[in-house]
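Engineer: Can you look at this prediction? I've put the sequence above it.
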Amino acid sequence: MALNGSPARRHWGYLPSRGGNRTAILAAGVMLMFFASVLLGSYTVTIPDVFTIVTNHLTGGPRMPGASFIVMESKLPRAVIGTLIGIAFGLAGALFQTMLRNPLASPDVIGISSGASAAAVVAIVVFGAAGAAVSGAALAGALAVAALIHAISNGGKRRGTGRGSAAGNRLVLAGVGIAAALQAVVSFLMTRADIRTAADALVWLNGSLNSANWERAGILILALAALVPAVALIAGPLRILELGDDAAAGLGVRVNTARLVLVFVAVSLAAVATAAAGPVSFVAFLAGPIARRLTGKASLPASALVGALIVLAADYFAANLAPLLLDGTVLPVGVITGALGAPFLLWLLVTANRKDA
């Protein structure tokens, strides 16, 4: 597929366009927010100091007491993980929404994040797990729920019926139902836990970067190093699936296989991000529609960048500005993204009703 106008190249924004220019602006915004997160805040450092600290840390040179610890063990891993989970959530949401042609089909709406949350709370409350064990449980829970949703949404489907948007609607409805059941499980476990355990679980459930470290960053980097190229490979079939299942099959795409691979990649992206920082609300839901409005088309790179920008901006507000307004209280990043996502969902529903009318 070497044609310049191939679906994969158009989808990934290789061709020069207004959308490509705005994607470049988004990339610049992510870089600016990343450096703001590292340089500014309650402890400010200069750009030369950051480069000196990082260089000395890598080469074993002299350390700057205090500053080296704050930059290398707190600010930098927090910014790196914030960027990576934003990219992962943004791509996961865009894949689901584009494949199912439904703006509500994001991991936090259809139950993937609920599966991770329920598994993590079981690990914390029932087994007393912490750290990597909680992340592993969240990853397993997300994958298990995704498999269950996929099986339910495909159950009883007759050949020649239930294709296209109907299949997407079934998956969304199955996910919403399972998410409600899992939320009940989480609520039950929280009421049975002691105060200290419940507090630990609640922090994780809200989505937080406060426990960011280089171990989690390394796992995320390895996961995205495998998943992002996979996204690039499936961008072409994804673009064709937007035409509908029948049209895609007529163009030679194995619809069921392509959809299964897309679901696996999207779920894996959401799962590794949730395992690293908890279910950061609405990032996957917000990134795709915002990117589409900015670039004028469904764009996976723009969605990834919007996701990173949302997480970095929300975390900067939660860690640096919220304490000034709330007498020193540091909010989890998921609280800020949740506050952004709820009105956006209502606005999306209102605009959809206007179009239908």
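Structural biologist: Right, received. Where do you want to start? Numbering: from 1, shown residues only.
Engineer: For Ala181, see how far away the most centrally placed residue in the chain is.
Structural biologist: With distances taken as CA atoms, centre = their mean, the residue of the chain nearest its centroid is Phe89 (1.3 Å). Note on Phe89: its distance to Ala181, by CB to CB, to the nearest Å, is 23 Å. Using the backbone N, CA and C atoms, a C-beta is placed for each residue, glycine as well.
Engineer: before we move on, back to that, tell me the contacts of the residue nearest to the centre of the chain?
Structural biologist: Contacts for Phe89 (CB atoms under 8 Å, 6 or more residues apart in numbering) come out as 107, 269-270, 273, 280, 283-284, 287, 307, 311.
Engineer: Could I get the pLDDT score of it?
Structural biologist: On pLDDT, Phe89 comes in at 95.
Engineer: Would you check how far apart it and Ala270 are?
Structural biologist: Per CB to CB, Phe89 is found 6 Å from Ala270.
Engineer: Common neighbours of those two, please.
Structural biologist: Counting by CB under 8 Å, 6+ apart, the residues touching both Phe89 and Ala270 are 107, 284.
Engineer: Find the helix or strand that the residue lying farthest from the centre of the chain is a member of.
Structural biologist: Note on the chain: the largest C-alpha distance from the chain mean falls to Pro62, namely 37.5 Å (CA atoms, centre = their mean). Taking DSSP states H and E as the criterion, no element holds Pro62; it sits outside all helices and strands.
Engineer: How about Gly128?
Structural biologist: Per DSSP H and E: Gly128 is located in neither a helix nor a strand.
Engineer: Now do the SS call for the residue nearest to it when sequence neighbours are not counted.
Structural biologist: In space, and not counting its chain neighbours, Gly128 is closest to Thr197: 7.7 Å by CB to CB, 6 or more residues apart in numbering. Put simply, Thr197 is helix when judged by DSSP: H, G, I helix; E, B strand; the rest coil.
Engineer: Show me which residues of stretch 315-324 are buried.
Structural biologist: Using 16 or more other CB atoms under 10 Å as the burial criterion, the residues of stretch 315-324 that qualify are 315-319, 322.
Engineer: After the helix or strand bottoming out on mean pLDDT in the chain, which helix or strand is next?
Structural biologist: Ranked by mean pLDDT, DSSP states H and E, the weakest helix or strand in the chain is helix 7-11, scoring a mean of 45. Later in the chain than helix 7-11, the nearest helix or strand by DSSP H and E is helix 18-39.
Engineer: Quick one: list the elements packing against that following helix.
Structural biologist: helix 47-59, helix 76-100, helix 283-295, helix 300-316 (3 or more CB pairs under 8 Å, 6 or more residues apart in numbering; DSSP states H and E).
Engineer: Thank you, goodbye.
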